[in-house]
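Q: build me a model:
(chains A and B)
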Number of protein chains: 2
Amino acid sequence: MIVKDLGITGRDHIVFIHTSEIGMADEESGFVRIRSAKGYAGAKAISTEMLVKPGEIGMPKHLLEYLNVADGDQVNIQPGSRPAGYQAIRKKYHGLKWTKEDIQTILEQINNRMLSDLEIASFALAQQFRTLDLDEIEHLSRGIAFYGETLEFDEPVFDKHSIGGLPGNKVSLVIVPIIAAMGLLIPKTSSRAITSPSGTADTMEVLAPVSFSAEEILEIAPKTRGMIVWGGTMDLVPVDDMIIERAERPLSLDPPSLIVSSILSKKISMSVKNLVLDMPVGKGTKVEKKSDAFELANIFVEIGRRVGIRVECALTYGNQPLGHAIGPALEAKEAILTLMGKGPTSVREKSEELAGILLELGGLAQKGRGVNLAEEVLQNGKAWEKFKEIIAAQGGNPELKIDELPLGQYTADIEAPRDGYIVEISNRAVKLLARTLGAPSAKGAGIYLHHKIGDFVRKGETLATFYAEREGPLDEALKLVHSRKFYTLEGMVLDRVSR
Amino acid sequence: MIVKDLGITGRDHIVFIHTSEIGMADEESGFVRIRSAKGYAGAKAISTEMLVKPGEIGMPKHLLEYLNVADGDQVNIQPGSRPAGYQAIRKKYHGLKWTKEDIQTILEQINNRMLSDLEIASFALAQQFRTLDLDEIEHLSRGIAFYGETLEFDEPVFDKHSIGGLPGNKVSLVIVPIIAAMGLLIPKTSSRAITSPSGTADTMEVLAPVSFSAEEILEIAPKTRGMIVWGGTMDLVPVDDMIIERAERPLSLDPPSLIVSSILSKKISMSVKNLVLDMPVGKGTKVEKKSDAFELANIFVEIGRRVGIRVECALTYGNQPLGHAIGPALEAKEAILTLMGKGPTSVREKSEELAGILLELGGLAQKGRGVNLAEEVLQNGKAWEKFKEIIAAQGGNPELKIDELPLGQYTADIEAPRDGYIVEISNRAVKLLARTLGAPSAKGAGIYLHHKIGDFVRKGETLATFYAEREGPLDEALKLVHSRKFYTLEGMVLDRVSR
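A: Numbers count the residues shown, from 1 in each chain, chains lettered A, B, ... in the order given. As a prediction, this is how the structure comes out:
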């Protein structure tokens, strides 16, 4: 059939064929298999009397690219019979264990675009309903790492990762320079925010470019000892990306086996050998209960051992945002202040603790003494020097002035509605409000929290300041703020006794 | 936004918006909510630079119809925030029980087109992974029946239903006339084949029209006492149709709770009070193990009791196709032969047994004696007379000659590859081959089995005859027949002892 570009820009796995030819699609799944000189892909066939003529097949841009074809090219179409990967997924319907081969088949067919969105969703849901065992998670982690790029370094790689969910968690920008300053190799790849106001890559991007090829990282990192880059440029784990994009995100799913394999597969691809894992535990974070966090931590440690990564998990306080700043530019500023010795205690201490663990794993400090070494490297300015070196190496301006960071011009103060102690700051509300303000795509958007849990505030005192780059999002956030439990004050009106 | 008809004829729940406006869709699910004067619907937003301009929204025909809008009309778009129905579905991720209200919310939002395909799939998969209890299945059955048409009759309605999976199961065409001849009311609605070579509606359609409105059925059935119609015309259970179409069929899923609620909701809508349920048990049918069949039967009986339907389940032999004929015209012919007293024993006996149960439920025979009454009505020709009356009432020709039924002109005999006893005939292979030959859409296509399990055949003897209406499908089926275990012969070569 003749390919037709329909200008479809999303990642939807659909193609368009003429209504008279819809019989070509598999009766049950509605899938067709498209073969080009480059390879093949499967997609759901949409029938239309208008967008294509008989003999034409309309395709989204990502499939044109994947199949390496363009408007007017020829491809072959076969009905997409039920793929072997889905047969393997179905074993879980009967409570069976997935073998290594099952998992390889499933992942291969996800990579080859042979599974439908519904089939990939059933793969993720199977893991939500039937907890995978350690063997299965091991095969999954190795299997996901098998596809995409792998970077090999001549020395052990160190890394820090957060399982996520805590707004304001900018500690990577502090930890990487500490570790690199001590000579260990820490080429940190990080993600952009999916549902949070700022991923580490978003925050770093305020200060320097974050998109690098594997070759560039292999060249730069051994010199600077540290980098903070966006993992997406390298296509490290394309299968993981597809599972997230096509199933986990649309269904807000995150089963433990996919949390573990998603993170560890990336670490395998980056040849990480020593990993400290930050697990914020608190309301509105990824893991809300400490017992769940312990369970997950044990899986991380054991799977890490099996795939050759020394993992140490740190369960951290996550009942309110970390530090005061939420949003790319605000967080970059707070991270720099911390590196300059002027940051909030919570950010500084958490950075030192996590960096300390890595220094211990690297043999630079005795067990329990790493935190002191980290503190020293922060205080003597070496970490800040190293960070400027990293910014320069990544193409940013190391002579930046923190007051010149581009904060949103549209601001509003949120005032305390009455006197009282702050007893809660909702992570969920903070994330929602910061995103409504425009973060992370609007780099200057975000929230500055003037007060944290435990503070006593007077009525009318400023609790937080909103930053936006446009007026619309600011209005939107101000509309939302009253219906969400952003701050909760314990009204201590003990002196008003009625007669 | 301005509506644009893109000529999309399938049932896909997608709309097209310009790439520059994709921010309107929900970030996680990619859903938008479209509001017209008539109501609203949700759909996955596909971004395109080509098919629509900014300010336009492209829609498939079924959504235009549902929203009662046409090309050029105006609709409002809101981002589709996570619907309450999916929040209820998610409770199953944590092993919780669905309340009546949960199930009502889910079904209402399926009916309102507010859930995505992935969300509906997670609803079906939740039931695959976590068996629902009787309360949940009851709410599901009643809830599904709540939407769509309901037919009320002035007298108790009798019905026969097969849970499916057995090729050649044409007994409804024999049972309905027996019951109607005895004066009981049996307005049987049946489905077209989904994955089988011929549904009851497909087979009946060879002899008479099967599409009737609720009003027509309410008028005709009380006079003839029996009808055999296609349930699809009436839109009896639209929510069930959507669950099948959007989740169960594409994932080949059929959890027990959906088997039960799908069947009993239709019976509730048809005001059925007495139901005999045919449950073929055997390799390649819907229920392969007798213990599973018993379990399912008990659920049917109990849920039936709760919703006011007396259900009697009959576990029937299902290890090979029933009778000799598979495919619409071939099956219609075999059913008529049975009514004329010239059919195969297996078809006649099964029809008598099941009809006998209904006659007992109707108080026309004592427990255990219904089968004799059914046999009598078959033998004395009253059932055959009644069937001709039903054919005439439905607008068919009662003077039909069975030799004039339109069998496919392209035929081929399948010969025994050697001497031996037939030990297996694969239901799966028969279904696949008959569908490959063109059944059910090609009414004359199908398979005639000259020999059944237990027969001894000589090499070269005809095992089966293939019928097709075109040469292509016949060739296709002949290519397939050797790779599938259609017939299995036990080669009894006991006399060849080597020296």
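Q: touching, A:V32 and A:N76? I think so.
A: No: contact criterion Cβ atoms under 8 Å: A:V32 and A:N76 do not qualify, at 10.2 Å. C-beta coordinates here come from the backbone N, C-alpha and C atoms, glycine included.
Q: ok, those two, which is more surrounded?
A: The residue with more neighbours, out of A:V32 and A:N76, is A:V32; 23 against 10, by other Cβ atoms under 10 Å in any protein chain shown.
Q: which helix or which strand is home to the more buried one?
A: Following DSSP states H and E, one finds A:V32 within strand A:31-35.
Q: could you report the neighbour count for the residue of the stretch 151-300 of chain A found nearest chain B?
A: The stretch 151-300 of chain A approaches chain B most closely through A:P250 (4.9 Å), counting by Cβ to the nearest Cβ. Residue neighbour count, defined by other Cβ under 10 Å, stands at 24 for A:P250.
Q: same deal with A:E155?
A: When counting by other Cβ under 10 Å, one arrives at 11 neighbours for A:E155.
Q: ok, A:E215 next?
A: So A:E215, with other Cβ under 10 Å, has 10 neighbours.
Q: then the one 5 residues further on?
A: One way to gauge burial is a neighbour count; for A:I220, by other Cβ under 10 Å, it gives 18.
Q: which residues sit in contact with it?
A: Applying Cβ atoms under 8 Å, 6 or more residues apart in numbering or on different chains, we find A:I220 in contact with A:212, A:227, A:393-394.
Q: greatest separation within those: which pair is it?
A: Largest separation among these by Cβ to Cβ: A:F212 and A:A393, giving 10.2 Å.
Q: who has more neighbours out of the two?
A: Neighbour count, other Cβ under 10 Å: between A:F212 and A:A393, A:F212 has more, with 21 against 17.
Q: give me the residue from the stretch 301-450 of chain A nearest chain B.
A: A:R435 (8.4 Å).
Q: ok, and the closest non-adjacent residue to that residue?
A: Distance criterion Cβ to Cβ, 6 or more residues apart in numbering or on different chains; nearest residue to A:R435, sequence neighbours excluded, is A:P197 at 5.5 Å.
Q: pull up the pairing partners for the helix or strand hosting A:I17, direction included.
A: Assessed by DSSP H and E, A:I17 sits inside strand A:14-18. Partners of strand A:14-18 in the sheet, by DSSP bridges, are strand A:40-48 (parallel), strand A:56-59 (antiparallel).
Q: whatever helix or strand comes next after the last one and chain B in contact?
A: Using DSSP H and E, the helix or strand that directly follows strand A:56-59 along the chain is helix A:61-67. No: contact of helix A:61-67 with chain B (Cβ under 8 Å from any Cβ of the partner chain) is absent, the minimum separation being 8.9 Å.
Q: tell me which residues are up against helix A:61-67.
A: Residues contacting helix A:61-67 (Cβ under 8 Å, 6+ apart): A:3, A:5, A:7-11, A:13, A:15, A:34, A:36, A:38-41, A:43, A:59, A:70-71, A:75, A:113.
Q: could you do stretch A:352-364 as well?
A: Defining contact as Cβ under 8 Å, 6+ apart, one finds that stretch A:352-364 is touched by A:156, A:158, A:160, A:171, A:174-175, A:178-179, A:182, A:184, A:186, A:274, A:276, A:278, A:310, A:312, A:314, A:316, A:365-375, A:377-378.
Q: state the helix or strand in which the residue of the stretch 151-300 of chain A closest to chain B lies.
A: Assigned by DSSP H and E, A:P250 belongs to helix A:249-251.
Q: can you name the next helix or strand after that helix?
A: Counting by DSSP H and E, the element after helix A:249-251 in chain order, helix or strand, is helix A:256-269.
Q: return the distance of that next one from the chain's centre.
A: In terms of Cα atoms, centre = their mean, to the nearest Å, the centre of helix A:256-269 is set 12 Å apart from its chain centre.
Q: and it, what does it pack onto?
A: helix A:117-129, helix A:134-146, strand A:157-162, helix A:238-243, helix A:290-307 (3 or more Cβ pairs under 8 Å, 6 or more residues apart in numbering or on different chains; DSSP states H and E).
Q: reformat those into TSV and put mean neighbour count, distance to B:L134 and mean pLDDT next to each item.
A: Formatted as TSV, these follow (neighbours: other Cβ atoms under 10 Å in any protein chain shown; distance: least, Cβ to Cβ, whole Å; pLDDT from 0 to 100):
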stretch	mean neighbour count	distance to B:L134	mean pLDDT
helix A:117-129	25	21	96
helix A:134-146	22	33	97
strand A:157-162	26	45	97
helix A:238-243	22	35	94
helix A:290-307	17	31	95
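Q: need these in a markdown table (columns: distance to chain B).
A: Below are the helices and strands packed on helix A:256-269 laid out as a markdown table (distance: least, Cβ to the nearest Cβ, whole Å):
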| stretch | distance to chain B |
| --- | --- |
| helix A:117-129 | 4 |
| helix A:134-146 | 16 |
| strand A:157-162 | 20 |
| helix A:238-243 | 13 |
| helix A:290-307 | 12 |
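Q: B:I414 is nearest to which of those?
A: Here helix A:117-129 is closest among the helices and strands packed on helix A:256-269 (Cβ to Cβ), at 34.6 Å.
Q: which other helices and strands contact the closest one?
A: If you count contacts as 3+ Cβ pairs under 8 Å, 6+ apart, helix A:117-129 packs onto helix A:84-90, helix A:100-111, helix A:238-243, helix A:249-251, helix A:256-269, helix B:117-129, helix B:249-251.
Q: can you list those in TSV and add distance to A:F300?
A: Formatted as TSV, the helices and strands packed on helix A:117-129 follow (distance: least, Cβ to Cβ, whole Å):
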stretch	distance to A:F300
helix A:84-90	24
helix A:100-111	19
helix A:238-243	16
helix A:249-251	22
helix A:256-269	6
helix B:117-129	25
helix B:249-251	31
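Q: mark out where each domain of chain A begins and ends.
A: Per automatic domain parsing, the structural domains of chain A span A:2-79, A:84-130, A:157-229+A:267-393, A:410-490.
Q: nearest to B:A293, out of those?
A: B:A293 lies closest to domain A:84-130 among those, at 16.6 Å (Cβ to Cβ).
Q: my guess is A:V457 contacts A:D419, does it?
A: Yes: using Cβ under 8 Å, A:V457 is in contact with A:D419, at 7.0 Å.
Q: can you classify A:L236 by secondary structure?
A: coil (DSSP: H, G, I helix; E, B strand; the rest coil).
Q: which residue, neighbours along the chain excluded, lies closest to it?
A: Residue nearest to A:L236 in three dimensions, not counting chain neighbours: A:S269, with 4.6 Å by Cβ to Cβ, 6+ apart.
Q: neighbours around A:E375, how many?
A: Neighbour count for A:E375, taken as other Cβ under 10 Å: 18.
Q: same question, A:E399
A: By other Cβ under 10 Å, the residues close to A:E399 number 8.
Q: per-residue pLDDT, it?
A: Note on A:E399: pLDDT of 92.
Q: shaky segments in chain A?
A: Residue ranges of chain A with pLDDT under 70: A:80-81, A:491-499.
Q: need the residue closest to the centroid of it.
A: Residue closest to the average C-alpha location in chain A (Cα atoms, centre = their mean): A:S191, at 4.3 Å.
Q: list phi and psi for that residue.
A: Main-chain dihedrals, A:S191, degrees, to the nearest 10: phi -100, psi 160.
Q: wait, isn't it in contact with A:G232?
A: Yes: shown here, A:S191 and A:G232 form a contact pair, counting by Cβ under 8 Å, at 7.3 Å.
Q: need the overlap of contacts for the two.
A: Common contacts of A:S191 and A:G232, defined by Cβ under 8 Å, 6+ apart, comprise A:A201.
Q: which one of the helices and strands packed on helix A:256-269 lies closest to A:A412?
A: Counting by Cβ to Cβ, A:A412 lies closest to strand A:157-162 out of the helices and strands packed on helix A:256-269; the figure is 29.4 Å.
Q: OK, contacts around the residue of the stretch 151-300 of chain A closest to chain B?
A: Counting by Cβ under 8 Å, 6+ apart, A:P250 touches A:117, A:121, B:28-30, B:116, B:118.
Q: returning to what we had before: burial of the residue nearest to A:L236, as a residue count?
A: Neighbour count for A:S269, taken as other Cβ under 10 Å: 25.
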